[in-house]
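J.: okay, structure incoming, though there's no sequence with it:
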Ligand SMILES: Cc1cc2nc3c(=O)[nH]c(=O)nc-3n(C[C@H](O)[C@H](O)[C@H](O)COP(=O)(O)O)c2cc1C
């Protein structure tokens, strides 16, 4: 069975809820979903995947979380060329700049951002966002 890896960092659970919804979509489409927290992830996790999901909220000043997610992303920068990447994450008071920067970064790495843009939630994901996450998961299942 195809397996889709969903790698994410979440401090207070909002991005984790999005990750869980992506996993639901993957499973709905008949594939296996593996949720991996950023603490335990590395380039080896994405090596054989055609498509993956990466999640992180806006932290710092419109940045990826700096102690775990940023170092992981530096490792993944050299490992995701040619892959499709679903980007997702929650934010609080900003205007989504962290996600636009992340989309540009992933594109510069030679990967395709699924749907052309990341899925973002203002604080806790609402039903529309969760539906988008499930839809991304269903697509990932077909790409894996
Ligand atoms: C240290 C810190 C920095 C943050 N910086 C930003 C920011 O620059 N822009 C923004 O929109 N939200 C910012 N937030 C808000 C978080 O993105 C928001 O609470 C989000 O829902 C957290 O997601 P999580 O539950 O997955 O950890 C920050 C939160 C913390 C704790």
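T.: Yep, that arrived. For clarity, every value in this text was computed on a predicted model and none was experimentally measured. Numbers count the residues shown, from 1 in each chain.

J.: the helices in the chain, which residues?
T.: Taking DSSP state H as the criterion, the chain carries its helices at 14-28, 69-77, 97-108, 127-143.

J.: those: which one's closest to residue 90?
T.: helix 14-28 (3.6 Å; C-beta to C-beta). Using the backbone N, CA and C atoms, a C-beta is placed for each residue, glycine as well.

J.: let me see the contact set for residue 9.
T.: 15, 37, 38, 39, 55, 56, 57, 64, 65, 68, 69, 72 (C-beta atoms under 8 Å, 6 or more residues apart in numbering).

J.: swap the cut-off to 10 Å and go again
T.: For residue 9, the contacting residues are 15-16, 19, 37-39, 41, 54-57, 59, 64-65, 67-70, 72-73, 89, by C-beta atoms under 10 Å, 6 or more residues apart in numbering.

J.: follow-up on the earlier one: in a markdown table: the helices of the chain, plus distance to the ligand, mean neighbour count and mean pLDDT.
T.: Output for the helices of the chain, formatted as a markdown table (distance: least, C-beta to the nearest ligand atom, whole Å; neighbours: other C-beta atoms under 10 Å; pLDDT from 0 to 100):
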| stretch | distance to the ligand | mean neighbour count | mean pLDDT |
| --- | --- | --- | --- |
| helix 14-28 | 3 | 22 | 98 |
| helix 69-77 | 11 | 18 | 98 |
| helix 97-108 | 7 | 17 | 98 |
| helix 127-143 | 12 | 19 | 97 |
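
J.: nearest to residue 48, out of the ones you listed?
T.: helix 127-143 (13.2 Å).

J.: who are the packing partners of that closest one?
T.: In terms of contacts (3 or more C-beta pairs under 10 Å, 6 or more residues apart in numbering; DSSP states H and E), helix 127-143 is packed against strand 3-8, helix 14-28, strand 32-37, strand 51-55, strand 84-91, strand 119-122.

J.: which residues sit against the last one?
T.: What it means is strand 119-122. Taking C-beta under 10 Å, 6+ apart as the rule, strand 119-122 contacts 14-15, 17-18, 21-22, 53, 55, 57-58, 86-94, 96, 98-100, 125, 128-130, 132-133, 135-136.

J.: kindly recompute the last result at 6 Å.
T.: The set of residues external to strand 119-122 that reach it, using C-beta atoms under 6 Å, 6 or more residues apart in numbering, is 88, 90, 96, 99, 129, 132, 133.
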